[in-house]
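>>> Got a predicted structure here, sequence first:
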Amino acid sequence: MGRKGFYFDMTSCIGCRTCQIACKDKNDLKVGTIFRQTRTFEIGVYPTPGVYHYSSTCNHCANPKCVEGCPTGAMHVDADGTVQHDKDKCIGCRYCTWACPYGVPQFIQDLGKVGKCDGCKDLRDKNETPVCVDACPMRAIEWGDIEELKVKYGSNTTSDLPILPHSSVTNPSLVIKPKAGALLKDFRKKEV
C-alpha cells in the first residue's frame, strides 16, 4: 500500500468553498477553525488581471515537520502514510502548529488541543472517500495513492507553487494541476 494524498485541479476549481464547508460540517468545527481552506488570489495588473483559487488541507507529507515537532507522539504517521493526530495523547503544546510550514494543525481553544485533517480516516476505513472530494461540484479534488495520482495526471502537475513552501522541505503527498498564473514568481498577487 503506497502513501495516500490529494490531487487538486486548479484549472477546474471555481472557488465555491463547498469542500471547505463539507469538511467543517463533517468535523463539527466551530467558527475560526478550518481544516480545509480555499483561498483566492488576484494576480497581474490591468489590463490583464487574473484570479486563481487554491484549496488546501493537510498534505500528509512523507517528512512531516508536525510529527517531528510533537513531543508526545500525538502526531504520527499511519500505516497508509497519512499524518494522523491522536487527541488523547495531545497536550496542547502547539509545537506541531509552529513546525508545520503549511500552517495546517490548528489549536482549538475550546478543547485546549490541536486538530487537523485526517483525510477522513473514518470514512476511508469504510472504503469511502473524504468528504471534500465528494462535495466538490467541479470534481477538482481527488484522493488516492500519491504515486498513482502522479502517473494518472502526468507531467502537467506539480507540488510546488510560489505561495507554498518548496516541496523539498516536507515531500508533501500532493499533486496540483496549476493555472499558468499561479506559477508566476514575479507578479503582483494579493489574497482576496
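Received, thanks.

>>> T158 and H166: what is the separation?
According to Cβ to Cβ, to the nearest Å, T158 and H166 sit 11 Å apart. To be clear about C-beta, it is placed using only N, CA and C from the backbone, and glycine gets the same treatment.

>>> Quick check: pLDDT value at the most centrally placed residue in the chain.
What sits nearest the mean C-alpha location of the chain, by Cα atoms, centre = their mean, is T57, with 2.1 Å. T57 carries a pLDDT score of 97 in this model.

>>> Next one: it relative to A180, how far apart?
Counting by Cβ to Cβ - T57 and A180 are separated by 24 Å.

>>> Please apply the same query to Q109.
40 Å.

>>> Equivalent analysis for K87, please.
Counting by Cβ to Cβ, the gap from K87 to A180 is 41 Å.

>>> try D9
From D9 over to A180 (counting by Cβ to Cβ), the distance is 14 Å.

>>> likewise W143?
Counting by Cβ to Cβ, the gap from W143 to A180 is 25 Å.

>>> between these two, who's got more neighbours?
W143 (21 against 11; other Cβ atoms under 10 Å).

>>> any residues touching the helix or strand containing the more buried one, and which ones?
Taking DSSP states H and E as the definition, W143 sits inside strand 141-145. With Cβ atoms under 8 Å, 6 or more residues apart in numbering as the contact definition, strand 141-145 has outside contacts at 1-9, 19, 55, 119, 124, 129-130, 132-133, 149.

>>> Among the residues you listed, which lie within strands?
4-9, 55 (DSSP state E).

>>> Count the neighbours of A99 for me.
17.

>>> just the strands in this structure please.
Going by DSSP E, the chain shows strands at 4-9, 37-43, 50-56, 75-77, 83-85, 106-108, 113-115, 141-145, 174-177, 189-191.
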